[in-house]
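>>> Predicted model and sequence follow; I will ask about them next.
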Amino acid sequence: MLDEMIEIWTKTGLLKQSREIILKMFEETRVMYSESALSFKRPRKVEFDINKKDKKVDEMQISVRKKVLKHLSISPAQDITASLMFIYVVDGLERIGDYCKNVYDLTDVFPKKISESKYMDDLNEIEPLISANFDLTKEAFEESDEKKARTVDKKHQEVKKRVDKLIGDIMRDGKLKSNEAVSYALYARFLRRIDSHLKNISTAMFNPIQKIGYKPEKNSRE
C-alpha cells in the first residue's frame, strides 16, 4: 500500500506539489523547535521572528488543504487515502508550530536565563530525543518508510515516560520558586506535546486512516 501511495505522491500534479510543501513544513517546524528550545535557556534572540515562522507554517497548511481539495474535486474517486493523510499530516505540523511558539513565549513568564539544575539536566536529555524524532518522522514521510515510522512511535513512549516523571518530580519539589516550577513544568509539557504530534504523524505511515494517531496496528495498512 505504501509503495502505491508514494507513486501517487510523486507523479500526480497537485499531490506532488502538496508533498513538496509538507517537506518544507517539516524543515520550518524543525527550525522553530531548535530555536524555541534554545530560547528557554538563554535570552531571546531578537533576530529570530517566531511569529513570522509560525505564520509561514500556517500559510503552508492552508496551501496544502487547497491543493488537496482541488485534487479531490477533479478526481473525487481517486487517491482519497493519500489526500486525507496529507490533511492529517499538515494539521499535525501546524500544531507543532503552535507548541514551539508556546515554548518561545515562556521567556515572557521567566525572562532571565534559566538556572542550571537537575531539572534542566533532564530536559537537556529529552530535547535531543525529540530532535531525533523530528528527523526520523520526516524521513519516514519522505521515503514512505514504515519501519522508521514505527520507530518514532516506540521512541515517543520513552519521551512520554521521562516527561511524566520529570513533571511529577517538579510538582513535589517544595524548594522551587513558583515561576521556576511553572516554567519547567510547562516546557516539559510542551516538549511532550510536540513529540506526541510527531508520533501521531508517524502513524499515518502504517495505520488505516480511521486509526491515525491511535495505537499502532500490528500489521501494515491493508
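Good, I have the coordinates.
>>> Can you name the element that comes right after the helix or strand hosting residue 22?
If you go by DSSP states H and E, residue 22 is part of helix 13-39. Note on helix 13-39: by DSSP H and E, the next helix or strand toward the C-terminus is helix 50-74.
>>> and the helix holding residue 22, average pLDDT?
For helix 13-39, mean pLDDT rounds to 92.
>>> Give the other helices and strands that that helix contacts.
Packing partners of helix 13-39 (3 or more Cβ pairs under 8 Å, 6 or more residues apart in numbering; DSSP states H and E): helix 2-11, helix 50-74, helix 80-104, helix 118-143. Placement of C-beta: from N, CA and C, glycine included.
>>> and residue 29, which of the ones you listed is closest to it?
With respect to residue 29, and counting by Cβ to Cβ, the nearest of those is helix 80-104 at 4.8 Å.
>>> Could I get the helices and strands packed on helix 13-39 in TSV, plus columns for distance to residue 154?
Output for those, formatted as TSV (distance: least, Cβ to Cβ, whole Å):
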stretch	distance to residue 154
helix 2-11	18
helix 50-74	27
helix 80-104	18
helix 118-143	10
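>>> Buried deepest among the ones you listed, which one?
helix 80-104 (a mean of 21; mean count of other Cβ atoms under 10 Å).
>>> which residues are contacting whichever helix or strand comes after it?
Counting by DSSP H and E, the next helix or strand C-terminal to helix 80-104 is helix 106-109. Contact with helix 106-109 is made by 39-40, 43-44, 179, 182-183, 186-187, 190, as judged by Cβ atoms under 8 Å, 6 or more residues apart in numbering.
>>> Flag every buried residue along helix 106-109.
Under the neighbour-count criterion of 16 or more other Cβ atoms under 10 Å, helix 106-109 has 106-107 buried.
>>> out of the helices and strands packed on helix 13-39, which comes closest to residue 162?
Of all those, helix 118-143 sits nearest to residue 162, with 5.6 Å by Cβ to Cβ.
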